[in-house]
Structure formats: structure tokens, C-alpha cells
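>>> starting from these lines, generate the structure:
(one chain, ligands or ions: 2)
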Amino acid sequence: MAVQISPSILSADFARLADEVAAVPNADWLHVDVMDNHFVPNLTLGLPIVEALLKAAALPIDCHLMITDPDRWAPAYAEVGAGSVTIHAEASSAPVRTLREIRSLGARAGLALNPATAVEPYDDLIGEIDMLLLMTVEPGFGGQKFLDMVLPKIRRARGLIERHGGEVWLQVDGGVSADTIERCAEAGADVFVAGSAVYGADDREAAVASLRSLAEGAA
Ligand SMILES: O=C(CO)[C@H](O)[C@H](O)COP(=O)(O)O
Ligand SMILES: [Fe+2]
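Ligands and ions are numbered 1, 2, ... in the order given. Coordinates of the predicted model:
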């Protein structure tokens with residue numbers, strides 16, 4: 001279970017995106033939060049900016065779609081070259097079809113669950129995904145406080161993934177920082193999204209390195 005760090009550009013300076021993505025060369029992924037003002041009460045960016053980022057960024061892009069009707073919109077993100085495309089279970093009416101389509105277009109397929117969504121009903125979907133994303137804040141905004149109540153679900157999700165062979169990555173997103181990352185790693189997460197903890201730091205590269213070493217120490 002290798003630790004991976006995926007800085008979220010939600011907390012970056014949107015007027016200087018190319019410089020901001022270049023500031024984290026030691027990360028594994030670049031986490032891009034697509035929000036539509038419907039599924040969540042915030043509007044960020046969409047396909048044209050993801051396409052521009054794909055040209056500007058050396059890192060693979062991890063697209064987190066917080067949008068209504070991901071069944072309609074998600075495949076396009078895979079088609080333009082995102083390395084990973086994650087849809088919300090709460091928003092999808094045909095997750096099996098959409099996840100298979102994402103995979104068939106060459107991207108990793110992710111399924112995200114809000115803090116109040118139980119993981120057990122998705123046991124049978126584990127074979128259809130490459131990554132399970134557990135939200136550790138309510139989706140919509142960066143800089144929120146980590147929800148400790150999700151820790152038992154991280155543990156249960158890790159058990160479920162292991163029963164399916166252990167190949168699926170377990171990502172946590174929201175309030176992940178030097179104060180909380182060890183708890184997540186101990187519980188079984190292996191991919192860590194961090195927005196404000198990376199882009200709020202003066203030295204972004206050092207913030208990524210320190211999060212990685214804390215997670216590795218606790219895993
Ligand atoms: O999906 C998200 C919010 O919905 C973001 O990825 C997440 O909140 C990152 O920001 P921070 O690390 O500051 O909490
Ligand atoms: Fe996210």
C-alpha cells in the first residue's frame with residue numbers, strides 16, 4: 001500500500017494556475033475539483049480548464065467530479081486524458097455503466113462517498129473501480145475541518161477492499177493536514193488529497209514531502 005499525495009488546486013491561486021501546478025513536482029497526482037453549483041453549492045471549473053491543465057501539468061490529473069448527472073459528463077474527462085475520474089455515488093443513476101465507460105476510455109475509475117453515505121451498499125461495485133474516495137468533509141469547499149466521524153468508515157472500507165484483493169486505492173479528501181493525515185493512514189487510506197495544507201503553505205514542495213513522510217510513518 002504505497003502512499004500517494006494528490007494536492008488539490010482548489011486552494012491554489014486560480015489566476016496563476018500553471019505556476020501553482022508546477023509548485024508540487026514531488027506529488028503523485030494533481031487533484032482537480034469540478035463543482036457545478038447543483039450537486040454542491042459552489043462553482044469551480046470544467047472541461048476546458050481541465051484540458052488546459054493537462055497541457056500545463058507534468059503530473060497526471062485526478063478529477064473529482066462534484067456534479068449532478070456524472071453519467072452524462074464524466075466520460076468526457078477521461079476522453080481528454082485525465083488519469084483518474086471520480087464520480088459521486090449520490091449523484092449517479094447508472095454507476096456501473098459510467099465507471100465502465102471511464103475505464104474503457106483509459107482512465108482510472110473512482111467512486112466517491114459523502115461523509116453520511118455508508119460504504120457497505122457499494123461492496124459489489126469494488127470490482128468496477130480503481131479508487132474509492134471517502135469525503136472527510138461535506139463536499140463543496142476547501143479549508144473545512146476534518147470529520148473524525150469518517151475514521152471508522154475508512155477502516156471498514158479498507159477491510160472491504162482487502163476482501164476484494166486489495167488492489168483498489170482508498171483516497172481521503174477534506175481537511176487532510178499534518179494534524180489529521182496520520183489518523184487517516186492508520187485507518188487504511190493510501191491516497192491523500194490536501195488543498196489548504198499544501199497551497200496554504202509557503203513552501204508547497206516541503207508541505208507535500210512532510211505529509212508523505214507522516215503518512216508513511218503511520219501506514
Ligand atoms: O473536494 C474537495 C472539497 O469538496 C477538496 O478536494 C478538498 O476540500 C480539499 O481542500 P482541503 O484540503 O483544504 O480540505
Ligand atoms: Fe476533492
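
>>> quick check, the residue in the chain closest to ligand 1?
residue 195 (2.7 Å; C-beta to the nearest ligand atom). For the C-beta atoms, the positions are set from N, CA and C on the backbone; glycine is no exception.

>>> avg pLDDT for stretch 190-203?
Per-residue pLDDT values across stretch 190-203 average out to 98.

>>> what do you get for stretch 35-52?
98.

>>> quote the end-to-end distance of it.
17 Å (C-alpha to C-alpha, to the nearest Å).

>>> hmm, it touching ligand 1?
No - looking at stretch 35-52 against ligand 1 by C-beta under 6 Å from any ligand atom, there are no contacts, and the closest approach is 6.5 Å.

>>> pull the residues that contact that stretch.
Applying C-beta atoms under 8 Å, 6 or more residues apart in numbering, the contact partners of stretch 35-52 are 10, 14, 17, 32-34, 61, 63, 66-68, 76-77, 80-82, 88, 90-91, 139-141.

>>> buried subset of those, written for ChimeraX?
Listed next is the ChimeraX selection for buried residues among these, using 16 or more other C-beta atoms under 10 Å:
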select :10,17,32,33,34,61,63,66,67,68,77,80,82,88,91,139,140,141
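
>>> which of the contacts of stretch 35-52 fall within strands?
When DSSP state E is applied, those are split such that 32, 33, 34, 61, 63, 66, 88 fall in strands.

>>> which bits of the chain sit near ligand 1?
Neighbours of ligand 1 within the chain, by C-beta under 6 Å from any ligand atom: 8, 10-11, 31, 33, 64, 66, 137, 139-144, 173-176, 193-197.

>>> buried members of these into ChimeraX, please.
If you want just the buried ones from the residues of the chain next to ligand 1 in ChimeraX, going by 16+ other C-beta under 10 Å, the selection is:
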select :8,10,11,31,33,64,66,137,139,140,141,142,173,174,175,176,193,194,195,196,197
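
>>> show me the residues of the chain next to ligand 1 that map onto helices.
Mapping those onto helices (DSSP state H) picks out 196, 197.

>>> the ones in strands among the contacts of stretch 35-52: which two are farthest apart?
The span of the ones in strands among the contacts of stretch 35-52, defined through C-beta to C-beta, is set by 61 and 88 at 17.7 Å.

>>> skipping adjacent residues, who's closest to residue 176 in space?
residue 194 (4.7 Å; C-beta to C-beta, 6 or more residues apart in numbering).

>>> pull out the buried positions in stretch 52-64.
53, 54, 57, 59, 60, 61, 62, 63, 64.

>>> from the chain's centre, how far out does that stretch sit?
13 Å (C-alpha atoms, centre = their mean, to the nearest Å).
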